[in-house]
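my questions are about this predicted structure, shown below with the sequence.
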Amino acid sequence: MRKHLSPFLGMTAILSLALGAASSHAQEPERVKIDTVDGVSLRGQFYAGKRNAPVVILLHSLDGDSRSKDWTNLALALQKCKGNFAVLSFDFRGHGSSTEVDPAIFWKYPPNQSGIKNYRPNRDSIEAKDFKPEYRSMLINDIAAVKAYLDRKNDTGACNTGSTILIGAQEGATLGSIWLNSEWHRYRMVVNMFMGVMQLNAQPEGRDVCAGIWLTPSPKLGNSLVSLHRTGFKAAKAEETPMLFMYGALDPDGKKMANSLEKYLKDTKALKEKLKFTGPYEIPGTKLTGAGLLKSPDTTKNITKWLEEVVVYKGQEWVERDFRKTQYFWKNGGRLMPAKVNNPSEMNMSFDTYMSYIHR
């Protein structure tokens, strides 16, 4: 951990002692199936925390899946720590167990037809090896489906999506950053109690994310460059969302990127004070990248401690989401576009390429 972040870990240790006894015994994860708006069946695991617990979404790299020992150990550590977080890990489409699609829905979207090799209108499964490089951005729809699922889970008391945390590795981190950027342009429609009319909520949905941890985030998505600096600007800088940029001490590219992101975000004295939780996280003695950084027990321990304090600082109280009855809109400049399919009971957001939220 860089020196300027270590005091917060020390403060968290004191906070943890003050919280008293350890949290309740962890439960076995619940196997979940989440259907995306374009007909993909995502498979994952939900680790229950305390009632109305902050919830962590794990985003694996695109050369792996969610079931590795590193991800599982992190999920269990987050579930069992004093913060007693809820955790959802899942396989992106075409990865691990998330290969089943509903052909009647999936293939009606032109990006799915053009972005995947060996297209056949009756094909009922997909594999990542058939994805063309430009198709990678479509996987952001998977994150949107997971968040919509958790918003519904929120209303049962199983988690608190008003305190959502993202932890992503490599391209998974890049996808998470783009999705988070889009959330700062998504608004729910609410009733103005004084005027009796519907209007956009004053605060965008991006405020639900109270922290991001990026394990050697990739500046490339497929064969395209992504400006992590500009893509994450709204959340990390303008909205002061705490973020850690993790890298191995023997990984010069990871170190260069993490330090560059910190320099970009904290370019004034005022921002250095406001963004006190944001910065690089160096893991000594390793050249590992992505989820491999979690192999160090100290890394997982420090992540949980950091998150416990960040949630106190940035988290929000639980509120009912009522996702299925709520309409949402994307607001880009002066334009409003529906962000949910036109069905009051729909469980998902509208299909999107998310290209307008990627800065290059």
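Done, it's in.

could you report the neighbour count for R31?
By other Cβ atoms under 10 Å, the residues close to R31 number 10. (Glycine included, C-beta is placed from N, CA and C.)

can you tell me the element it falls in?
Using DSSP states H and E, R31 falls within strand 30-35.

sheet partners, orientation included, of the helix or strand following that strand?
Following strand 30-35 in sequence order, the next helix or strand is strand 41-47 (DSSP H and E). In the sheet, strand 41-47 lines up against strand 30-35 (antiparallel), strand 86-90 (antiparallel) (DSSP bridges).

and the first one, what's buried?
Using 16 or more other Cβ atoms under 10 Å as the burial criterion, the residues of strand 30-35 that qualify are V32, I34, D35.

ok, now stretch 142-151?
D142, I143, A144, A145, V146, K147, A148, Y149, L150, D151.

check stretch 49-61 too.
Neighbour counts using 16+ other Cβ under 10 Å place G49, K50, N52, A53, P54, V55, V56, I57, L58, L59, H60, S61 of stretch 49-61 among the buried residues.

and the helices in the stretch 101-250 of the chain, which stretches?
Counting by DSSP state H, counting those that start in this stretch, the stretch 101-250 of the chain has helices at residues 103-106, 110-115, 140-154, 171-183, 228-231, 233.

mind checking how far M138 is from D130?
13 Å (Cβ to Cβ, to the nearest Å).

what does K80 give?
38 Å.

skip ahead from the host helix or strand of V312 and say which helix or strand is next.
Using DSSP H and E, V312 sits within helix 297-314. Counting by DSSP H and E, the element after helix 297-314 in chain order, helix or strand, is strand 328-332.

surely S61 is in contact with E171?
Yes. Between S61 and E171 a contact is recorded at 5.7 Å, counting by Cβ atoms under 8 Å.

and for P284, the neighbour number?
For P284, using other Cβ under 10 Å, the count is 10.

how about the contacts made by the spatially closest residue to it that is not a sequence neighbour?
By the measure of Cβ to Cβ, 6 or more residues apart in numbering, the closest residue to P284 outside its immediate chain neighbours is A249, 4.9 Å from it. For A249, the contact set (Cβ atoms under 8 Å, 6 or more residues apart in numbering) comprises K255, E282, I283, P284, G285, T286.

in PyMOL, how would I select just the buried ones from these?
The buried residues among the contacts of A249 can be selected in PyMOL (16+ other Cβ under 10 Å) with this line:
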select buried, resi 255+282+283+286
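
max pairwise distance over the contacts of A249: which two?
K255 and G285 (13.2 Å; Cβ to Cβ).

rank the helices of the stretch 101-250 of the chain by mean pLDDT and give me the bottom one.
Lowest mean pLDDT within these: helix 233, at a mean of 91.

helices or strands up against that helix?
If contacts are counted by 3 or more Cβ pairs under 8 Å, 6 or more residues apart in numbering; DSSP states H and E, helix 233 sits against no helix or strand.

for the closest residue to C81 other than its chain neighbours, grab the count of nearby residues.
Closest residue in space to C81, ignoring its immediate chain neighbours: T304 at 4.2 Å, by Cβ to Cβ, 6+ apart. A count of nearby residues for T304, using other Cβ under 10 Å, gives 21.
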